[in-house]
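K.L.:
here are the coordinates; sequence isn't available:
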């Protein structure tokens, strides 16, 4: 499970101080799927922090999307540039 992509994802998340929790959750899901335990020390270090559920991870994203995309009618998917008719 020591893929270069996993290490790169963690490196970038740490460097930019964002989505570390998402990278950890994806890694944990992969390990669980294959019935393996975490052996990478870097991931073990960050896994000491209390974990979040997928709902907790995606709730801020959904809130941001709604704030950006909700039109006057309150429908997700309506972009302000589309006008009142939606496109």
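P.N.:
Structure received. It should be emphasised that the depicted structure is a prediction, and the values quoted were computed from it without experimental measurement.

K.L.:
Can you show me the helices along the chain?
P.N.:
4-16, 20-33, 41-46, 54-69 (DSSP state H).

K.L.:
Pull the residues that contact the shortest one.
P.N.:
Looking back up the chat, that one is helix 41-46. 6, 7, 10, 20, 24, 27, 38 (C-beta atoms under 8 Å, 6 or more residues apart in numbering). All C-beta spots, glycine's among them, are computed from the backbone N, C-alpha and C.

K.L.:
ok, 7 Å please
P.N.:
For helix 41-46, the surrounding residues in contact (C-beta atoms under 7 Å, 6 or more residues apart in numbering) are 10, 20, 24, 27, 38.

K.L.:
Tell me how many other residues crowd residue 10.
P.N.:
Residues lying near residue 10 (other C-beta atoms under 10 Å) number 19.

K.L.:
Spatially nearest residue to it (excluding sequence neighbours)?
P.N.:
Nearest residue to residue 10, sequence neighbours excluded (C-beta to C-beta, 6 or more residues apart in numbering): residue 23, at 5.3 Å.
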